[in-house]
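**Q** Predicted model, plus sequence, below.
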Protein chains: 4
Amino acid sequence: MIIPQSDHLIQILPPKEGGSECLLYLFLNDYSEGAHPNILDALSRTNLQQERGYGTDSFAQEAEFLIKEKINKPEAKVHFVSSGTQANLISLACMLKSYESVIAAESGHIAVHEAGAIEATGHKVNVVTGVSGKVTTEAVMELLALHTDEHMVKPRVVYISQSTELGTIYSKQELQNLHEFCREKGLYLFLDGARLGHALMAKEADFNLQDIANCCDVFTIGGTKNGALLGEAIVIVNRNFQENFRYHLKQRGALLAKGRVVAIQFIELFKKNFESCLYFANAQHANFMAEKLAAGIRVCGYEFLYPLTTNQIFPIFPNKLIEIVETHYGFYVWSKIPAMPDHSAVRLVTSWATTGDAVEAFLQDLKTWKL
Amino acid sequence: MIIPQSDHLIQILPPKEGGSECLLYLFLNDYSEGAHPNILDALSRTNLQQERGYGTDSFAQEAEFLIKEKINKPEAKVHFVSSGTQANLISLACMLKSYESVIAAESGHIAVHEAGAIEATGHKVNVVTGVSGKVTTEAVMELLALHTDEHMVKPRVVYISQSTELGTIYSKQELQNLHEFCREKGLYLFLDGARLGHALMAKEADFNLQDIANCCDVFTIGGTKNGALLGEAIVIVNRNFQENFRYHLKQRGALLAKGRVVAIQFIELFKKNFESCLYFANAQHANFMAEKLAAGIRVCGYEFLYPLTTNQIFPIFPNKLIEIVETHYGFYVWSKIPAMPDHSAVRLVTSWATTGDAVEAFLQDLKTWKL
Amino acid sequence: MIIPQSDHLIQILPPKEGGSECLLYLFLNDYSEGAHPNILDALSRTNLQQERGYGTDSFAQEAEFLIKEKINKPEAKVHFVSSGTQANLISLACMLKSYESVIAAESGHIAVHEAGAIEATGHKVNVVTGVSGKVTTEAVMELLALHTDEHMVKPRVVYISQSTELGTIYSKQELQNLHEFCREKGLYLFLDGARLGHALMAKEADFNLQDIANCCDVFTIGGTKNGALLGEAIVIVNRNFQENFRYHLKQRGALLAKGRVVAIQFIELFKKNFESCLYFANAQHANFMAEKLAAGIRVCGYEFLYPLTTNQIFPIFPNKLIEIVETHYGFYVWSKIPAMPDHSAVRLVTSWATTGDAVEAFLQDLKTWKL
Amino acid sequence: MIIPQSDHLIQILPPKEGGSECLLYLFLNDYSEGAHPNILDALSRTNLQQERGYGTDSFAQEAEFLIKEKINKPEAKVHFVSSGTQANLISLACMLKSYESVIAAESGHIAVHEAGAIEATGHKVNVVTGVSGKVTTEAVMELLALHTDEHMVKPRVVYISQSTELGTIYSKQELQNLHEFCREKGLYLFLDGARLGHALMAKEADFNLQDIANCCDVFTIGGTKNGALLGEAIVIVNRNFQENFRYHLKQRGALLAKGRVVAIQFIELFKKNFESCLYFANAQHANFMAEKLAAGIRVCGYEFLYPLTTNQIFPIFPNKLIEIVETHYGFYVWSKIPAMPDHSAVRLVTSWATTGDAVEAFLQDLKTWKL
């Protein structure tokens, strides 16, 4: 682990086997670093204050209060868990009867990237074709039309993520349509907010946290990808799912003895008034870095697979360029481009911790490497 | 290791309804505070180092290496999760086929205090009567004798905790007997080490971490109750359970995006050589405080429900005394004493963070209140 | 009802290895034969009548109607499944939320003899000490007192069997007490009626089928042990559990394509008016044979482990006698008698098919072998 | 229930609400009647023979022997259960570790029509696009290429049905290709034989029962749809899945107390030598009736959605014709025909019980109604 080139350009990854190169910076994801310094400070500051365990501490109360205040729903309940998959599987296990299923886009995190976590709680994930990673009422309608009797599961929850796995966002109108549609059809709406901050801070966003709460039965607010050490808040708006939720948490191993650890972080993220609170500042920074990165890439003449909205961008590079870039920077090759067989889309992710210097360095290198 | 000064006697709990008193100190458990300061320092020190996610980071490798070194089992595998219930349910779900069960003492954590977490993975917990909270080969033998065909579950794993829920410990001989017994009977041995440090540092302990590893197929090393913010290590000694374990973790929501958060803490706990590492120092301090507390209580003339071994003590107090004590200190009333209807056993727990001042203050008050 | 003649003493079991003896008659259980001849007749009679599948046939409607008429609960719902374990696991999976548990006596079928079927649906079985195999309100009260928070499962259903696994029965008063107790405590009552007919026809029985229905939220009526080829009826009295129950059936593989097969049998069992219907006649015959058997055994000077009530009797024989008897008759050795180390209790079961000749032959032999 | 037109043309279904018409014959499925008369005879003949319970009877041994003889695999194990969904869910739960999934065509029974039965055992069903309802190695290859790490489930079993849900069959070459492919990739092959008889008796079939057994790790032989009252045989060829299989059966409620009931039927179906045994005769009859029906429909000038192979045919009728036909005959409307908006495909199913008269009557009516 050697010789940072500049303050932030830490060379951290072991060189590939047989190779000598080291990566300059990771745009792999938004959880490559630890936590925002304010959060570490808060953990230190409160460290020796004695508290009761398992989420009955005073920090949990305060964090819950802050979130309920921001969504203006005093009757909501908020719980804190350690991971997004945990938040999803516990919420859905609570919302579904044993023969009921959850509907997700084919790119939905629960449908693909949770190793069958939902199925492990006994429930099917029904997949519908998304539009830009988003579930449409039309697709759900078609699915419902096929599920007419007890030989098939009974779809009961619609799962959406905001922002989606493709970095796109649902507009306020789209959310409200889904909400109304669900109500009409006797479905519940669950929103996975692992990257909710980035969605809220998107330039195109025409909704706020209160709108989210108004449309969903249950939603989550992701800390891990937005500056916390770890932790997600589960916000239960629909009263039907509030009772005995702590049993669900305990049964799935999610009731942390030191629940304070997550609660303190959420206090830090949400303690100021709306516009200036850290949760939004972190996301805004990440989005801004993504925008800057995208602008520079566009200047170099490259196109994008999806329109830019939040902190994930998907530029299309020549495969030969990718070979060079990946010896210097960390990122994922996302997909082939059928129409351009010698090109591929890559995914670059920025975060609260991404520095302007890192973005500059990347763009500078890109210019140099331009083929 | 920084010892909190007496100004730590923070009055934190809201007064009981209608009352005005505040609690001076909590002896409720060993997770009332945050983390040992060294751990917070380590998190700060490494905070901006970029790492890959989901437990593939360099810290995870280092923490695994340190633990494997201490148990002298280079072929073992170590994974880090966020809670003890999670560690238990994932390990057991990995070790058991769908019709197999796990045997535990009737006081075993998985049998009582995990809200059916093991059953939620589809497995029965077979309960045997423990001796001082410990599983005996005789009791397991009797249980096996009853489980002879496919109308009953097939017991396959013996679950023990070290130290036990009653604060007692298995001797090296007892562990070896269980180990051999299990091998003869085709059973596996799983050890829940949520308080393994306290067991290892008990005065009566005639075993070390290597002995534990030699006797178990899988065991856990608890961080949460011994000075970490959160986190347990799952140590997989038996190679049969090593392959694809990360799938189990992911499926139960235990693969933390910032896996580093737990790994860094375990590095801090285990980085020095054996005797002097923080994991043992923390536990030793807790045990020492418990001993001091017990000695003072004994001087006051009170008996104990179980012999003192680790950081949990169970003095028997007159009920009237308990009424007074509980207005000043936090602890649990453990059980009634059938032979002494006006007395009850209480549980006092000390931790890495318990100060000598707190113990002194408690003993002083006890003398004052002596009836 | 055709009574098999003495030529029925078919020697059916293969001789033990190396031996030459064959068993004369099986008192092993009440499912050693096929079905009551009337049932086979009914299956033949209706064989080519075309019907819709999966329990939507006209026979299912008729069978449901007959049962609802007998319990005088037109609002109940009745479903037919193939086995008792299936009936139990599906009913309980329907009645319980994921963190809820079912309470059973330690001898309860679901607690011991279903290979973890209930746990496989994710639920813990909480065991209480029974009195003569029966759950008492006192025992449930004690259990509830221990289950106060989300660290433990939430007991929600009380499981009883009528008659019990020991052949005993709950009196009407006992049933009503349990019913009221459950209502007060927010619990549901589930009754496993695998041998409900034998209970109803017991001499001591002071309740009828309607009383059963009045006390239970869900109960089953066993066909397999009372003259059917196979099949159990699940009677859902509590409307909360009626909706979408067919989804539960389908999901557990219990929705038979030819649902008619079980329904036709239940029509045959219940089609006449109450007193004379085959279901009761079969059970009465079995009980009568048991009584006759017990009387003869008593005359020979042997005691019984439990008082005789239904079609299972538990005489205590000298071990040497058992060695002789078991070379001629099939039965289970039930348990040792601690106070009489050279004696054991055995279980003899009679059924709708047990002939007076078989009973006579057994008693005759017993006299001969008397030690 | 009125006026049979001829001996067999029983009018069984209640008239639609407000209407007066009755259906003449059901081509809805192959389980509209009871059992082949030989089976009822066998049940009567053996009715009073006493046997041990839960599948340990002598009939089970005989039935197992007969099947093993026909597949020439003395080392295989055979178990009998009551339904196809039960056979599928138990077999797959046995074959899969908790994080493993099963691959099926999008029309696969387990993927669509089992109400989430597989998911209820904790496993994901990965869906691939089938060709004529058949899984291709290419499609599986693509799926495997996407499942590279522990963030996704690990596909482990390929599920196929023979004949498929569309009535099509895999050729011997296709089976062998899948078999070899699975072996190369570390996958297992499971074949759902709910309609295996119809596949084996298809004119195009170039494989026999032994070929099936040679290609599969586990497969089922369906009784319910081929003349049994109920029952499916699970044939376990791969020794890895043989041990303790009865535990799986018991745990899912599939171990019938009177296991004899299914075993006796399978003896009857398989007791003669290969060509002449009832299992094949029944299927052959059903296929022949389907062929006759299809030929007549073709003569009337109608096309088919899928080529005819077994006992399910999918003619395409004008919607107006369908309206008339469905007032006289029972069948399912299968799908719309995009290119012919005023036409739809319907499904007609024949069985061992379908009479030539019924087919004739249908064809006669069809001619009359021709538009």
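**A** Cool, got the structure.
**Q** gap between residue A:319 and residue A:343?
**A** According to Cβ to Cβ, to the nearest Å, residue A:319 and residue A:343 sit 6 Å apart. Glycine gets a C-beta too; all of them are placed from N, C-alpha and C.
**Q** contacting residues around residue A:129?
**A** By Cβ atoms under 8 Å, 6 or more residues apart in numbering or on different chains, residue A:129 lies in contact with A:105-106, A:139.
**Q** can you put those residues in TSV and add secondary structure and pLDDT?
**A** Output for these, formatted as TSV (DSSP: H, G, I helix; E, B strand; the rest coil; pLDDT from 0 to 100):
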residue	secondary structure	pLDDT
A:105	strand	98
A:106	coil	96
A:139	helix	98
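**Q** List only those of these flagged as buried.
**A** For those, a neighbour count by 16 or more other Cβ atoms under 10 Å in any protein chain shown gives the buried set as A:105, A:139.
**Q** Make TSV from the contacts of residue A:129 and add distance to chain C to it.
**A** As requested, the contacts of residue A:129 are exported to TSV (distance: Cβ to the nearest Cβ, whole Å):
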residue	distance to chain C
A:105	25
A:106	24
A:139	23
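**Q** Nearest to residue B:151 among the contacts of residue A:129?
**A** Among the contacts of residue A:129, residue A:106 lies closest to residue B:151 (Cβ to Cβ), at 43.4 Å.
**Q** Next one: the closest one from residue D:144, what distance?
**A** From residue A:106 across to residue D:144, the span is 17 Å (Cβ to Cβ).
**Q** Could you count how many residues lie near the nearest residue in space to residue A:216 that is not next to it in sequence?
**A** Spatial nearest neighbour of residue A:216, excluding adjacent residues (Cβ to Cβ, 6 or more residues apart in numbering or on different chains): residue A:191 at 4.7 Å. Residue A:191 has 25 neighbouring residues, counting by other Cβ atoms under 10 Å in any protein chain shown.
**Q** out of residue A:319 and residue A:343, which sits in the busier spot?
**A** Ranked by neighbour count (other Cβ under 10 Å), residue A:319 and residue A:343 place residue A:343 first, with 19 against 14.
**Q** What helix or strand is whatever residue of the stretch 51-200 of chain A ends up closest to chain B located in?
**A** Of all residues in the stretch 51-200 of chain A, residue A:86 sits closest to chain B, at 3.1 Å by Cβ to the nearest Cβ. Applying DSSP states H and E as the criterion places residue A:86 in helix A:84-95.
**Q** How far off centre is that helix?
**A** Centroid separation for helix A:84-95 versus its chain: 14 Å, with Cα atoms, centre = their mean, to the nearest Å.
**Q** tell me what that helix is packed against?
**A** In terms of contacts (3 or more Cβ pairs under 8 Å, 6 or more residues apart in numbering or on different chains; DSSP states H and E), helix A:84-95 is packed against helix A:109-112, helix A:117-120, strand A:154-161, strand A:188-192, strand A:218-222, strand A:232-236, helix A:245-251.
**Q** In contact with the residue of the stretch 51-200 of chain A closest to chain B, which residues?
**A** Residue A:86 sits in contact with A:232, A:252-254, B:252-254, where contact means Cβ under 8 Å, 6+ apart.
**Q** So is the lowest-mean-pLDDT helix or strand in chain A next to chain D?
**A** Ranked by mean pLDDT, DSSP states H and E, the helix or strand of chain A with the weakest confidence is strand A:332-336, at a mean of 94. No - using Cβ under 8 Å from any Cβ of the partner chain, strand A:332-336 stays clear of chain D, coming no nearer than 11.0 Å.
**Q** Now do that strand: everything it contacts.
**A** Here strand A:332-336 has contacts from A:28, A:305, A:314, A:322, A:326, A:344-347, using Cβ under 8 Å, 6+ apart.
**Q** Inside helices: which ones of those?
**A** The helices, defined by DSSP state H, take in residue A:322 from the contacts of strand A:332-336.
**Q** Just give me how far stretch A:341-349 sits from the chain centre.
**A** Worked out by Cα atoms, centre = their mean, stretch A:341-349 lies 21 Å from the chain centre.
**Q** Taking the stretch 251-371 of chain A, what residue is nearest to chain C?
**A** residue A:251 (5.0 Å).
**Q** For chain D, give me its nearest residue in the stretch 201-350 of chain A.
**A** residue A:335 (11.0 Å).
**Q** how about whatever residue of the stretch 201-350 of chain A ends up closest to chain C, what does it touch?
**A** Taking Cβ to the nearest Cβ, chain C has its nearest neighbour within the stretch 201-350 of chain A at residue A:247, 3.6 Å off. With contact set as Cβ under 8 Å, 6+ apart, residue A:247 has these partners: B:115, C:99, C:150, C:153-154.
**Q** I'd like the contacts of residue A:86 laid out as TSV, including pLDDT and neighbour count.
**A** Formatted as TSV, these follow (pLDDT from 0 to 100; neighbours: other Cβ atoms under 10 Å in any protein chain shown):
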residue	pLDDT	neighbour count
A:232	98	29
A:252	98	30
A:253	98	28
A:254	98	30
B:252	98	30
B:253	98	28
B:254	98	30
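**Q** nearest to residue A:111, of those residues?
**A** Distance to residue A:111 across these (Cβ to Cβ) is lowest for residue B:253, with 15.6 Å.
**Q** wait, the closest one sits on residue A:92?
**A** No - judged on Cβ atoms under 8 Å, residue B:253 makes no contact with residue A:92 at a distance of 11.3 Å.
**Q** Now do the shared contacts for those two.
**A** Joint contacts of residue B:253 and residue A:92 (Cβ under 8 Å, 6+ apart) do not exist.
**Q** can I get the CA coordinates of stretch A:150-161 in CSV?
**A** Taking Å, rounded to 0.1, in the frame of the first residue of the first chain, the C-alpha atoms of stretch A:150-161 are listed here in CSV:
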residue,chain,number,x,y,z
GLU,A,150,-54.3,-19.8,-6.5
HIS,A,151,-52.1,-21.8,-8.9
MET,A,152,-49.9,-18.8,-9.1
VAL,A,153,-48.6,-16.5,-6.4
LYS,A,154,-50.6,-13.5,-5.5
PRO,A,155,-48.6,-10.3,-6.3
ARG,A,156,-48.9,-7.9,-3.4
VAL,A,157,-46.1,-5.4,-3.2
VAL,A,158,-44.5,-3.3,-5.9
TYR,A,159,-40.8,-2.8,-5.3
ILE,A,160,-39.1,0.2,-6.8
SER,A,161,-35.7,1.9,-6.2
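**Q** can stretch A:52-68 be found next to chain B?
**A** Yes - residues of stretch A:52-68 are located near chain B by Cβ under 8 Å from any Cβ, namely A:52-53, A:58.
**Q** Please narrow those residues to those residing in strands.
**A** Judged by DSSP state E, the subset of the residues of stretch A:52-68 next to chain B located in strands is empty.
**Q** Of the residues you listed, just say which sits nearest to chain C.
**A** Among those, and counting by Cβ to the nearest Cβ, the member closest to chain C is residue A:53, at 10.2 Å.
**Q** Enumerate the residues of the stretch 1-150 of chain A near chain C.
**A** Counting by Cβ under 8 Å from any Cβ, the stretch 1-150 of chain A sits next to chain C at A:54, A:93-94, A:97-99, A:121-122, A:150.
**Q** No further queries at this time; thank you.
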